[in-house]
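>>> Show me the folded form of this:
(one chain, ligands or ions: 1)
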Amino acid sequence: MDRNGYEAFVAGYPEYLASGNIEALRASEFGRLDEEGEVYLDYTGSGLYGVSQVQRHLHLLSRAVLGNPHSQSPTSRVATELAERARHHVLEYFHAPPDEYCAVFTGNASQALKLVAESYPFDAGGRLLLTFDNHNSVNGIREFARSRGAETTYVPVVPPDLRVDAVALAEQLARPPGSGHRLFAYPAQSNFSGVQHDLRWISEAQARGWDVLLDAAAFVPTNRLDLSRWKPEFVVLSFYKMFGYPTGVGALLARWPALSKLRRPWFAGGTISVASVGADRYHPAEGAAAFEDGTVNFTSLPAVDIGLDFLESAGVDNIHARVQALTGWLIGRLLGLRHSTGRPLVTLYGPASTEARGATITINMQDSLGNFIDHQVIEEQAGIRRLSIRSGCFCNPGAGELAMGISADEMRSCFLRSADRITYDEFRRCIDGKSTGAVRISLGVASTFADASAFMDFARSFLG
Ligand SMILES: Cc1ncc(COP(=O)(O)O)c(C=O)c1O
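From the prediction side, this is the model:
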């Protein structure tokens with residue numbers, strides 16, 4: 001690591017050093033990164049777990065005897081108690097009063113979204129409003145909305161910052177209501193551009209009769225979400241994005257009146273209070289249980305409790321301050337890189353300042369003549385240096401299409417070329433001459449200046 005560069009960085013971003021001892025945390029909890037020579041820059045893909053989380057979980061599992069929580073046996077009661085402790089902790093972490101919010105455990109954020117999608121009372125006269133930069137797992141809600149006759153509308157994001165067109169959003173929210181229910185779904189932070197959308201939209205939309213679904217998956221790993229202040233009807237998230245471990249557990253946080261609006265299309269083991277085959281009837285269970293199909297991931301739920309402890313002790317505000325400092329430094333440095341021809345190396349998709357943006361930086365690189373360098377090649381080259389970055393469109397096609405200037409007509413014509421299915425390679429050939437994706441780097445709990453600096457060294461290797 002360049003010592004002078006570090007001195008200049010901490011002089012410009014004193015909050016980096018003021019936000020806890022990252023070197024000590026890195027050594028005690030994430031030593032494996034440096035032991036293995038890994039530079040991890042894909043925290044929006046997945047968070048990393050601290051080693052003490054796994055040790056605490058192992059300790060618990062090696063002592064406890066856990067039975068299936070759906071019964072009254074002693075071992076079942078222990079599992080139930082641990083699951084309920086985790087549920088309580090989730091609500092407490094987000095300052096969500098239990099009399100206002102319910103926490104439903106799911107497999108991940110996508111499953112939480114599907115629970116809302118399949119159960120929300122969409123009908124003709126109803127509406128679904130989405131922002132262009134939603135993740136595909138939110139975009140997919142439109143298929144349920146359409147199949148029940150509800151109208152789906154997208155509000156665009158505007159390059160180069162990729163923030164939502166505020167006028168278009170205000171117009172959509174203010175449209176005279178139809179006869180049905182209306183759901184507005186948007187990400188607190190875009191997993192493509194890092195843009196943090198305004199949480200005030202929640203109450204503005206609610207005041208006009210909309211229900212709001214906040215996709216917090218990319219926001220909560222490095223930002224505090226206070227549900228005593230912001231009160232969307234639904235919040236979705238995945239715990240591995242927050243603290244790396246366990247995978248396979250997410251949550252739907254729902255306000256009680258909103259939860260009672262949902263009508264599930266089926267029932268399963270655990271979701272009913274009684275069901276009869278002979279009488280062909282069933283009654284749903286109360287609260288969260290009605291939405292947790294089958295057996296919850298009960299051996300992993302204590303690890304959610306432990307993960308939240310870990311995040312609390314690392315301090316999400318500290319993590320936030322550090323990753324913001326590194327983001328500001330990286331963006332400034334990347335945009336300053338110039339080829340000998342004077343052309344810039346990097347195009348940034350998203351805001352150039354750290355104002356209302358998170359630690360996700362999406363770019364493309366161009367050669368000295370201004371031609372795109374294939375993003376897949378960049379990812380491969382990074383891999384050779386043991387840098388973990390992401391390339392493609394990150395399950396966020398809308399932001400990608402607007403950022404790369406690929407029009408709806410161009411997209412439609414590519415879909416029409418092949419009646420059944422279009423592969424990613426066919427799509428790349430179809431959009432010839434334009435980049436079909438980008439490179440994403442993202443920072444998190446264990447990120448240090450050395451990681452950011454390693455990416456800068458790598459980027460400089462493309463200068464001609
Ligand atoms: C903003 C956002 N929403 C939803 C998801 C889906 O999360 P999962 O794959 O854990 O279901 C992701 C995953 O990357 C995301 O970044």
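
>>> Could you look up the SS state of the nearest residue to Thr295 once chain neighbours are set aside?
Once flanking residues are discounted, Thr295 sits nearest to Asn68: 5.8 Å by C-beta to C-beta, 6 or more residues apart in numbering. In short, each C-beta sits where N, CA and C put it, glycine included. Of the three states, Asn68 takes coil under DSSP: H, G, I helix; E, B strand; the rest coil.

>>> Just give the nearest non-adjacent residue to Gln206, would you?
Val212 (6.2 Å).

>>> For the ligand, what's its nearest residue on the stretch 351-464 of the chain.
Closest residue of the stretch 351-464 of the chain to the ligand, C-beta to the nearest ligand atom: Cys395 (6.1 Å).

>>> who are the neighbours in contact with Tyr43?
The contact partners of Tyr43, by C-beta atoms under 8 Å, 6 or more residues apart in numbering, come to 221-222, 241, 359, 442-445, 447.

>>> Ok, Leu173 next?
Going by C-beta under 8 Å, 6+ apart, the list of residues near Leu173 reads 129, 184, 201, 204-205, 208, 210.

>>> Next one: the nearest residue to Ala446 once chain neighbours are set aside from Asn21, what distance?
Spatial nearest neighbour of Ala446, chain neighbours left out: Phe30 (4.1 Å); criterion: C-beta to C-beta, 6+ apart. In this view, Phe30 and Asn21 are 13 Å apart by C-beta to C-beta, to the nearest Å.

>>> same question, Lys114
41 Å.

>>> Who has more neighbours out of the two?
More neighbours surround Lys114 than the other of Lys114 and Asn21, with 19 against 11 (other C-beta atoms under 10 Å).

>>> helix/strand/coil for that one?
Going by three-state DSSP: Lys114 is helix.

>>> so what's it up against?
Taking C-beta under 8 Å, 6+ apart as the test, what Lys114 contacts is 137, 140.

>>> confidence score at it?
Here the pLDDT value assigned to Lys114 is 98.

>>> Next SSE downstream of whichever strand or helix holds Ser260?
Using DSSP states H and E, the element containing Ser260 is helix 256-261. Per DSSP H and E, the first helix or strand lying C-terminal to helix 256-261 is strand 272-276.

>>> which secondary structure elements does that following strand contact?
strand 281-284 (3 or more C-beta pairs under 8 Å, 6 or more residues apart in numbering; DSSP states H and E).

>>> Narrow the contacts of Tyr43 to those in helices?
Lys241 (DSSP state H).

>>> In CSV, list the contacts of Tyr43 along with pLDDT, neighbour count and distance to Pro121.
Shown next, in CSV, are the contacts of Tyr43 (pLDDT from 0 to 100; neighbours: other C-beta atoms under 10 Å; distance: C-beta to C-beta, whole Å):
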residue, pLDDT, neighbour count, distance to Pro121
Pro221, 98, 31, 32
Thr222, 98, 29, 35
Lys241, 98, 25, 29
Ala359, 98, 28, 37
Ser442, 98, 27, 36
Leu443, 98, 30, 40
Gly444, 98, 26, 37
Val445, 98, 28, 39
Ser447, 98, 28, 42
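
>>> May I ask which two of the contacts of Tyr43 are separated the most?
The most widely separated members of the contacts of Tyr43, counting by C-beta to C-beta, are Lys241 and Ser447 (14.5 Å).

>>> related to what we said a few turns ago, going by neighbour count, list what's buried in the helix holding Ser260.
258-259, 261 (16 or more other C-beta atoms under 10 Å).
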